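Asks: Here is the input, now give the coordinates:
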Amino acid sequence: PAIVRQTEDAALLRDAVLENIHRADLNPLEEAAAYEQLLTEFEVTHDELATRLGRSRSQVSNTVRLLRLPVKVQSRVAAGVLSAGHARALLGLADPQAQEALATRIVAEGLSVRATEEIVALGGSSEPPPTPRAASRKVVSPALEELAGALSDAFDTRVTVALGRRRGKITVEFGSVEDLERLVALIAPDVRTRADRD
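Replies: I've put the predicted structure just below:
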């Protein structure tokens, strides 16, 4: 009887995890971790998991592969700074350091998933081919680009610096409310957000 109860409890827990995946607003890393739990702890197969979730087997497998990324890259995906599409493209690079370097570049330069895939296809070190939109952009001074890159590294998100004739602008991007709160704590520790006040 004890064995039967344990089996039933495991099945209930497995179904609860599956239900949570359907209902919860999970970020890609949380979703990958839930898939991994089902595959390892409950011995659910990729095919069974894909069927239960209404997704293809390749989608399930590619999502689980996100857990192979370096921790720093995973944190950017979890914060919404990097999309799941960017993360999957990074998996095309075998070297974790190359993955981290390209992730930093994606954030700093605002690279699209398509541009990221093209860089990965070229080995991760070449510039993506220029697009008509990119060709029409204003030329930014190397000093401002260097400053934007340093700020992007410091805040772990994309930062752009623009300078006009009379005024300039610094833009700091965030991927979620939690990411915004993290940035506020870094930039102005004494400022409390509404979430903190609540």
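
Asks: ranges for the strands of the protein?
Replies: Assigned by DSSP state E, the strands in the chain fall at 159-163, 168-172.

Asks: can you put these in a markdown table and add distance to L102, mean pLDDT and mean neighbour count?
Replies: C-betas here are computed from N, CA, C, even on glycine. Rendered in a markdown table, the data for those read as follows (distance: least, C-beta to C-beta, whole Å; pLDDT from 0 to 100; neighbours: other C-beta atoms under 10 Å):
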| stretch | distance to L102 | mean pLDDT | mean neighbour count |
| --- | --- | --- | --- |
| strand 159-163 | 18 | 83 | 17 |
| strand 168-172 | 21 | 87 | 11 |
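
Asks: remind me which residues of the protein are low pLDDT?
Replies: Where the chain drops to pLDDT under 70, the residues are 1-14, 22-24, 124-140, 192-198.

Asks: show me where it has helices.
Replies: 2-23, 28-40, 46-53, 57-64, 71-78, 84-90, 96-109, 113-121, 132-135, 142-155, 177-187, 194-197 (DSSP state H).

Asks: which stretch among those helices comes nearest G168?
Replies: Closest approach to G168 among the helices of the chain (C-beta to C-beta): helix 142-155, 8.6 Å.

Asks: In contact with the residue nearest to P96 when sequence neighbours are not counted, which residues?
Replies: Excluding its sequence neighbours, the residue lying closest to P96 (C-beta to C-beta, 6 or more residues apart in numbering) is P70, at 4.6 Å. By C-beta atoms under 8 Å, 6 or more residues apart in numbering, P70 lies in contact with 96, 99-100.

Asks: how does this structure divide into domains?
Replies: 2-67, 69-197 (automatic domain parsing).

Asks: Return the distance of the longest one from the chain's centre.
Replies: In terms of C-alpha atoms, centre = their mean, to the nearest Å, the centre of domain 69-197 is set 11 Å apart from its chain centre.

Asks: Spatially central residue for the chain, please.
Replies: Centroid check for the chain by C-alpha atoms, centre = their mean gives V77 as the closest residue, at 1.6 Å.

Asks: List the contacts of that residue.
Replies: Contacts of V77 by C-beta under 8 Å, 6+ apart are 27-29, 66, 69, 83-84, 86-87.

Asks: any idea which of those residues is the one closest to A148?
Replies: Comparing the contacts of V77 against A148 with C-beta to C-beta places H86 closest, at 18.7 Å.

Asks: Grab the nearest non-local neighbour of the residue nearest to the centre of the chain.
Replies: A87 (4.9 Å).

Asks: For that neighbour, list the residues it contacts.
Replies: 28, 66, 69, 73, 77.
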